[in-house]
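Colleague: Structure, please.
(one chain, ligands or ions: 2)
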Amino acid sequence: MARKASLLEVVFHAGKGKQTRPVLSGADLKPTFEHIPTVDFRNATSDVFEERLAVAREVGKAFTEVGFLYALNHGIDADLQDRVTTVIKDFFALPHDEKMKIHINKSPAIKGYEPLLETRIDDKTRGDLKEAFNMADDPYEPEQKAPADLDLSTYPVGPLNQWPTEPAAFRSTIYEYRAAAQGFAAVLLRLIALAVDLPENYFDHMAVFPMAGLRALHYPPQAPSDDDVIGIGAHADYSWVTLVNQLTSAPALEVLNANGHWVSAPPVKDSLVVNVGDFLERATNDRFVSTVHRVRNISGAQRFSLAYFFSPSHEVMIRTLPTCLAEGETPKYPDIKAGEWQRERLLRARVNHPASKAARERGEI
Ligand SMILES: O=C(O)CCC(=O)C(=O)O
Ligand SMILES: [Fe+2]
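Modeller: Ligands and ions are numbered 1, 2, ... in the order given. As a prediction, the model looks like this:
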């Protein structure tokens with residue numbers, strides 16, 4: 001007899017498109033995580049190799065068992081975090097029309113402002129109850145100091161990012177934060193290499209001109225009974241790793257375990273949330289998990305967060321790492337070019353953007 005389909009399931013969007021996971025109970029329960037582990041990065045750049053290796057092992061364990069961790073001593077200055085929180089709150093407090101001047105549809109790279117309900121990850125809802133400001137790698141911006149030999153043919157004609165004129169310190173503070181997040185991402189890359197038994201500098205080339213974006217987010221509160229909307233529907237990130245800074249105290253981020261249960265990832269003082277994205281999951285042949293998560297702000301308070309998505313440069317081929325294949329094992333995923341795959345995911349998620357419509361008309365997505 002065919003196995004009865006589970007009555008309850010979680011629907012989410014990840015690398016392979018729309019997927020479901022049954023919600024398990026009783027005898028069906030699998031061993032899985034019930035909380036997000038914490039890793040202290042104090043020794044991440046120690047002069048002593050064994051100390052760096054010990055941190056790498058903890059990162060590897062958390063990425064294998066959970067796909068998420070809380071990072072302590074990540075090196076992003078508290079004063080900078082306060083200043084970036086202020087400019088982000090001030091930006092979202094601007095009149096709607098002011099913010100719409102930099103709507104994402106005006107950028108060929110889909111950067112700028114995204115109003116409430118612009119995206120709709122979960123098609124059972126009216127949309128994602130969040131507004132966002134997105135910026136990313138843009139070789140035409142002087143702050144980014146693109147290498148002289150960067151292949152511009154893989155980029156649309158600029159400008160790509162769009163900036164508000166107010167708050168005055170917005171652009172400079174966002175760039176300051178991006179540089180700090182980039183510093184921690186570079187440290188993480190080396191630990192990830194060690195965690196999968198590769199030379200420490202194995203991934204350094206990915207950070208030369210990475211697809212590195214910041215996304216500032218504002219989630220108004222929603223009623224607990226309101227399942228017509230959600231802050232951000234269940235998804236996995238299309239990144240190598242993501243660093244999420246929960247700027248305010250409202251708990252709202254939730255992480256899906258193997259039993260289809262949502263595990264809360266509330267803000268923890270002085271920490272960043274670090275999670276595995278789809279590129280790293282593919283490269284490790286699923287050893288590290290790009291764990292599904294969502295945001296549901298039923299705290300009653302406004303919530304602000306700042307996510308930094310780190311992905312390799314456009315031209316990097318994402319292929320299975322030699323140390324993640326046992327003897328005779330074959331890769332689960334074909335090789336992909338990082339830039340092409342990321343752009344396709346982005347276009348699929350922004351159905352109303354002119355570039356997304358054009359790509360659909362050409363049958364590309
Ligand atoms: O706001 C958050 O805590 C997470 C945001 C997120 O998951 C995303 O933007 O991909
Ligand atoms: Fe995410």
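Colleague: mind saving the C-alpha coords of stretch 111-118 as PDB?
Modeller: The C-alpha atoms that make up stretch 111-118 are tabulated as PDB, following Å, rounded to 0.1, in the frame of the first residue of the first chain:
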ATOM      1  CA  LYS A 111      18.700  47.200  -6.500                       C
ATOM      2  CA  GLY A 112      17.000  49.900  -4.500                       C
ATOM      3  CA  TYR A 113      13.800  50.100  -2.600                       C
ATOM      4  CA  GLU A 114      11.200  47.300  -2.400                       C
ATOM      5  CA  PRO A 115       7.800  48.400  -0.800                       C
ATOM      6  CA  LEU A 116       5.600  46.200   1.400                       C
ATOM      7  CA  LEU A 117       4.200  43.100  -0.500                       C
ATOM      8  CA  GLU A 118       6.500  43.600  -3.500                       C
END
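Colleague: What helix or strand is the one residue in the stretch 201-350 of the chain that gets nearest to ligand 1 located in?
Modeller: Using C-beta to the nearest ligand atom, the single residue of the stretch 201-350 of the chain nearest to ligand 1 is Ser305, 3.6 Å away. Just so you know, the C-beta spots here come from the backbone N, C-alpha and C atoms, and that holds for glycine as well. Under the criterion of DSSP states H and E, Ser305 resides in strand 303-311.
Colleague: which helix in this structure runs the most residues?
Modeller: helix 170-195 (DSSP state H).
Colleague: The helix or strand that comes right after that one to strand 303-311, inter-axis angle?
Modeller: Where DSSP H and E defines the elements, the next helix or strand beyond helix 170-195 is strand 211-219. Using axes from the mean of the first three to the mean of the last three C-alpha atoms, to 10 degrees, the direction of strand 211-219 lies 170 degrees away from that of strand 303-311.
Colleague: so what strands line up beside strand 211-219?
Modeller: strand 131-135 (antiparallel), strand 303-311 (antiparallel) (DSSP bridges).
Colleague: mean confidence for the strand holding Ser305?
Modeller: The pLDDT scores in strand 303-311 average 98.
Colleague: ok, now stretch 43-51?
Modeller: 98.
Colleague: near ligand 1, which residues of the stretch 151-300 of the chain?
Modeller: Counting by C-beta under 6 Å from any ligand atom, the stretch 151-300 of the chain comes close to ligand 1 at 215, 217, 232, 237, 244, 246, 253, 293, 295.
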